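A.B. asks: quick one, fold the following:
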Amino acid sequence: MIVRFGYVAMSTVIKDCSPSKTMTMASFTKLNDREAGLRKLESIAKMNLHNTLRLLKHNVGSDIEVYRMTSKLVPLGTHPDLQDWDPFAALAGEFAEVGDYVKKHGLRVSFHPDHFTVLSTPRPEVLASSVRDLQHHTDMLMAMGLPATAKNNIHIGGAYGDKPVAAARFKEHFAALPAELQERITLENDDKTFNALETLEVSRSLGLPMVLDIHHQWVNNEGELPWEIWPEIQQTWKSPLALKDVQAGEHLPPKIHVSSPRSPSDPRSHADGVEPAPLLAFLKRIAADTPAVDVMIEAKLKDGALFDLMAALKELAEAGNGITILDGASINVEP
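C.D. replies: A predicted model of the protein is given here:
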């Protein structure tokens, strides 16, 4: 089984390369010239996209083919007081440059809209904000010229005192989304509310690919082991929505998230790095029936955690643990 590792947004190795520089609305409103303020926001966004391209080049140089982009590329891009501002015309060249690089090198990129994007909400104003945020993320991917294989990963959201009703509301709100938003969504289990089994049920009913977070599953489950439900999760990656824009004869590998608990007293928070043993235990259990899987590392050290994990895996490979190092960010795992 081929396993590719990726990381989230920021680099702790490349200095002065933040793709998430921003401006607060308070600072924006203090500016006397609104048009000058909008040009300033566009200038910040151009720097964020420039730094994203720098990170992608760093990734390619390090054999990293999986990367989650920051949602903060365009500062204040979804603020309700700036809905008359369309930044994409001014940023067309920068977005296209990032997208061209992604396509040239066959990278797998994604977004993860924040926890305020909740389709299970009963509040119309929150729903409108959530749809606006999903549209913004989709607009960024489309500005990059990326196919629907570039996804927006979200959680189901809150239970609001009645989890079955909230799940049904999520399905209803999802069904009302434009097709261009639907085809880019993946659904992930969370660490407090909708567990892996509940998320799988919603994913299957909507034909959505499911991202299994094995850390979340560890702290929020119904007694199932993660590899026991993996065959059904893997099947969600064969749905029409999952396969949209996938080339004939090719496949989009399932994706999982991995992180390690910060401490026994704080099991939900993420540690600086990733402990290899629990991850390998899972990978070995699924290797026989899974040709390939992509692993998003959600650790505080970002790409530094990826490099540390690869160093640890190299030692294990040399000791003969059914692991083969393929390059700087991928391995082969034998059952």
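
A.B. asks: contact partners for residue 290?
C.D. replies: Residue 290 makes contact with 1, 230, 234, 254, according to C-beta atoms under 8 Å, 6 or more residues apart in numbering. C-betas here are computed from N, CA, C, even on glycine.

A.B. asks: check what pLDDT residue 241 gets.
C.D. replies: If you check residue 241, the pLDDT there is 91.

A.B. asks: verify the stated contact: it with residue 209.
C.D. replies: Yes. In this structure residue 241 lies within contact range of residue 209 using C-beta atoms under 8 Å: 6.9 Å.

A.B. asks: and the strands in the stretch 1-150 of the chain?
C.D. replies: Counting by DSSP state E, counting those that start in this stretch, one finds strands in the stretch 1-150 of the chain at the ranges 2-8, 66-68, 108-111.

A.B. asks: still on that earlier bit, which one's more surrounded, residue 241 and residue 209?
C.D. replies: Applying other C-beta atoms under 10 Å to residue 241 and residue 209 shows that residue 209 carries more neighbours, namely 23 against 20.

A.B. asks: and that one, what are its phi and psi?
C.D. replies: phi -70, psi 140 (degrees, to the nearest 10).

A.B. asks: check contacts around it.
C.D. replies: Contacts of residue 209 by C-beta under 8 Å, 6+ apart are 151, 186, 187, 203, 236, 237, 239, 241, 242, 252, 254, 255.

A.B. asks: also residue 255?
C.D. replies: For residue 255, the contact set (C-beta under 8 Å, 6+ apart) comprises 66, 110, 186, 209, 211, 293, 294, 295, 296.

A.B. asks: how many other residues sit next to the second one?
C.D. replies: Translated: residue 110. By other C-beta under 10 Å, the residues close to residue 110 number 24.

A.B. asks: so is residue 211 in a helix, a strand, or just coil?
C.D. replies: strand (DSSP: H, G, I helix; E, B strand; the rest coil).

A.B. asks: quick check: residue 166 touching residue 173?
C.D. replies: No. Contact criterion C-beta under 8 Å: residue 166 and residue 173 do not qualify, at 10.5 Å.

A.B. asks: okay, the two: which has more neighbours?
C.D. replies: residue 166 (23 against 17).

A.B. asks: downstream of whichever strand or helix holds the more buried one, the next helix or strand is which one?
C.D. replies: Applying DSSP states H and E as the criterion places residue 166 in helix 163-175. Sequence order places helix 179-182 as the next helix or strand after helix 163-175, per DSSP H and E.

A.B. asks: give me the helices and strands touching that next one, please.
C.D. replies: If you count contacts as 3 or more C-beta pairs under 8 Å, 6 or more residues apart in numbering; DSSP states H and E, helix 179-182 packs onto helix 124-143.

A.B. asks: how about the helix it packs on: buried residues?
C.D. replies: Going by neighbour count (16 or more other C-beta atoms under 10 Å), the buried part of helix 124-143 is 126-127, 129-131, 133-134, 136-143.
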